[in-house]
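3D model of this:
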Amino acid sequence: MKEIKLNVQKTYSDIATGKVGGCCGSGDKPKYAHEASIGYDVAELAGLPEGTVLGVGCGNPVALAMLQPGEVVVDLGSGAGIDAFLAANRVGPEGRVIGVDMTPEMLARARENAVRGGYGNVEFREGEIENLPVDDGSVDCVISNCVINLSVDKARTFSESFRVLKPGGRLMVSDIVLTKELPKAVVESVEAYTGCVSGAVHADDYLAALHGAGFADVKVISSDDASFLAETTCGCGIVTKDNISDLGLRSMKVFAVKP
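Below you'll find the predicted structure:
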């Protein structure tokens, strides 16, 4: 488990510092083309600090989280801050957003972005999503974007999300899931794990883990083709247009409530 975490941390450190960057195969596509294809409003993204959008998401959880002014939000695996800042715009100055990430270089980038963007209602904390540095029952909503698939203990991650939520609080995540078993060579590939592929679990197991953590009203909002992974920063070279159908990957958006 420790080795997996170190590999994930190294990959996202490289992305944060620009050693790995851009979307492979993007050609002459417009700026934010990938983000627009997975549900982001390009006009909203254009208002974020430069360097916030890294091309590693698989959906837009903020758009579906029904955030209200004054709410407290936790973003699991907050990266450079894209979803944290969008959430901050919705909860307003009376609300608060806590981004949690385990990669120091990513945290540094997010904090710089927060200063440049004037986001006084956002803070970024170093920590693992399996052990959230957040108080019990203190959060209205937990969001996450293409991160839980990277967790070495998804059941623990969902239990931690449940713990920090207030009664009636909700979870809204976008993530990569499977519809069938992956080939052995992919399962054993470090690059496939850090590329959001081999760490994914079957959709049924993902939903069962949410129920097991205590969540109710678990709903799949959508389950879409994940071929975009062939062009994202982390999936480049792992997922191709030729093998996507064989891998059985889906981009799933899931909503759940803490009773």
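
Buried residues of the longest strand seen in the chain, list them for me.
Counting by DSSP state E, the longest strand found in the chain is strand 165-178. Buried positions in strand 165-178, judged by neighbour count with 16 or more other C-beta atoms under 10 Å: 165, 169-178. The C-beta positions use only the backbone N, C-alpha and C, and glycine is treated the same way.

CA-only coordinates of that strand in PDB, if you can.
C-alpha atoms of strand 165-178 as PDB (Å, rounded to 0.1, in the frame of the first residue of the first chain):
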ATOM      1  CA  LEU A 165     -20.400  14.900   7.300                       C
ATOM      2  CA  LYS A 166     -23.200  16.400   9.400                       C
ATOM      3  CA  PRO A 167     -26.400  14.400   9.600                       C
ATOM      4  CA  GLY A 168     -28.200  15.100   6.400                       C
ATOM      5  CA  GLY A 169     -24.900  16.000   4.700                       C
ATOM      6  CA  ARG A 170     -24.200  14.700   1.200                       C
ATOM      7  CA  LEU A 171     -21.500  13.300  -0.900                       C
ATOM      8  CA  MET A 172     -21.100  14.000  -4.700                       C
ATOM      9  CA  VAL A 173     -18.300  12.300  -6.500                       C
ATOM     10  CA  SER A 174     -17.100  11.800 -10.100                       C
ATOM     11  CA  ASP A 175     -14.900   8.700 -10.500                       C
ATOM     12  CA  ILE A 176     -13.700   6.000 -12.800                       C
ATOM     13  CA  VAL A 177     -15.200   2.500 -12.300                       C
ATOM     14  CA  LEU A 178     -15.200  -0.800 -14.100                       C
END
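
in the next helix or strand after that strand, what's buried?
Per DSSP states H and E, the first helix or strand lying C-terminal to strand 165-178 is helix 184-187. Neighbour counts over helix 184-187 (16+ other C-beta under 10 Å) mark Val186 as buried.

Need the contact partners of helix 184-187.
With contact meaning C-beta atoms under 8 Å, 6 or more residues apart in numbering, helix 184-187 is reached by 192, 197-198, 238, 247.

Okay, helices next: where are they in the chain?
Counting by DSSP state H, the chain has these helices, from start to end: 2-16, 33-37, 42-46, 82-91, 104-117, 154-164, 184-187, 190-194, 203-212, 244-247.
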